[in-house]
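**Q** Quick one, what's the 3D model for this:
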Amino acid sequence: MVAKEDNELVSEVIRGNVSAFEILVDRYQKIIFKMVLRMVGNNETAKDLTQDIFVKAFEKMGTFNFNFRFFSWIYRIGINETLTWIRRNPATDQLQEVENIPLEQYADPERKRVILEHGLQELSTDYRVLLLLKYYDGLTYEEISDINGLSVERVRSRLFIAREQLRKILLKKGFLEDE
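**A** Numbers count the residues shown, from 1 in each chain. As a prediction, this is how the structure comes out:
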């Protein structure tokens, strides 16, 4: 059996084939969930938001522009819904505090992950999203450009600024050594 292309499945969904949407959900649910989880830091919230994202995508399927990739479209919906949730729930930082961690614990991979995530939480959401897309999801500049509606050069520029801001945050907290 040959797997159908995303746009073919979208056409079927628009014509009323709900099982075609289930294929799209199966195809993209994990990646959307992981993105949401990294942004909100809470498993249950991420599950709820992921479900909301796919419901919204289903409702808006008729507005899909076939000149773009479905992945970029659903990912953008995911980012927008997650950012809306973050703005409505600003006091829900689920990440652990990492202040005053003994230096010998910096080598622990799990501790490094927590430190990095804490630094990411201090960035503006726009910069955080770009770093997550590039370094956690491994997307290309072109894919990030499609998802965010920015030029590739603007993505490169903002990623540079985001990395610099993250570096400054981690330096200030004593998690990096100044060159």
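
**Q** how many neighbours does the residue lying closest to Gly149 once chain neighbours are set aside have?
**A** Leaving aside its sequence neighbours, Gly149 sits nearest to Arg76 (CB to CB, 6 or more residues apart in numbering; 7.7 Å). Heads up, the C-betas are built off the backbone N, CA and C, glycines and all. For Arg76, the count of nearby residues is 15 (other CB atoms under 10 Å).

**Q** again with Glu153
**A** Glu153: 10 surrounding residues under other CB under 10 Å.

**Q** Could I get the full set of helices for the chain?
**A** All helices of the chain, identified by DSSP state H, fall at 6-14, 18-40, 43-59, 70-88, 109-122, 125-131, 141-148, 152-172.

**Q** For the last one, name the packing helices and strands.
**A** Think helix 152-172. helix 109-122, helix 125-131, helix 141-148 (3 or more CB pairs under 8 Å, 6 or more residues apart in numbering; DSSP states H and E).

**Q** Of all those, which one is nearest Arg69?
**A** helix 141-148 (6.5 Å; CB to CB).

**Q** The closest one versus helix 152-172: what angle between them?
**A** For helix 141-148 against helix 152-172, the angle by axes from the mean of the first three to the mean of the last three CA atoms, to 10 degrees is 90 degrees.

**Q** what's in contact with helix 141-148?
**A** For helix 141-148, contacts defined as CB atoms under 8 Å, 6 or more residues apart in numbering pick out 68-69, 71-72, 75-76, 79, 129-130, 133-134, 139, 150-152, 154-156, 159.

**Q** And Glu5, its phi and psi?
**A** Glu5 adopts backbone torsions of phi -70, psi 150, taken as degrees, to the nearest 10.

**Q** hmm, back to that, which one of the helices of the chain has the poorest average confidence?
**A** Note on the helices of the chain: helix 109-122 shows the lowest mean pLDDT, a mean of 74.

**Q** buried residues in it?
**A** 111, 114-116, 118-122 (16 or more other CB atoms under 10 Å).

**Q** Likewise for stretch 141-156?
**A** Those would be 141, 143-148, 150, 155-156, for stretch 141-156 by 16+ other CB under 10 Å.

**Q** Off-centre distance for that stretch?
**A** Put simply, stretch 141-156 sits 14 Å off its chain's centre (CA atoms, centre = their mean, to the nearest Å).

**Q** Would you enumerate the residues in contact with the residue nearest to Phe64 when sequence neighbours are not counted?
**A** Nearest residue to Phe64, sequence neighbours excluded (CB to CB, 6+ apart): Val10, at 5.4 Å. By CB under 8 Å, 6+ apart, the contact set of Val10 is 20, 24, 61, 64, 66, 70.

**Q** Most neighbours of all the residues you listed, which one?
**A** Neighbour max across the contacts of Val10 (other CB under 10 Å) = Leu24, 22 neighbours.
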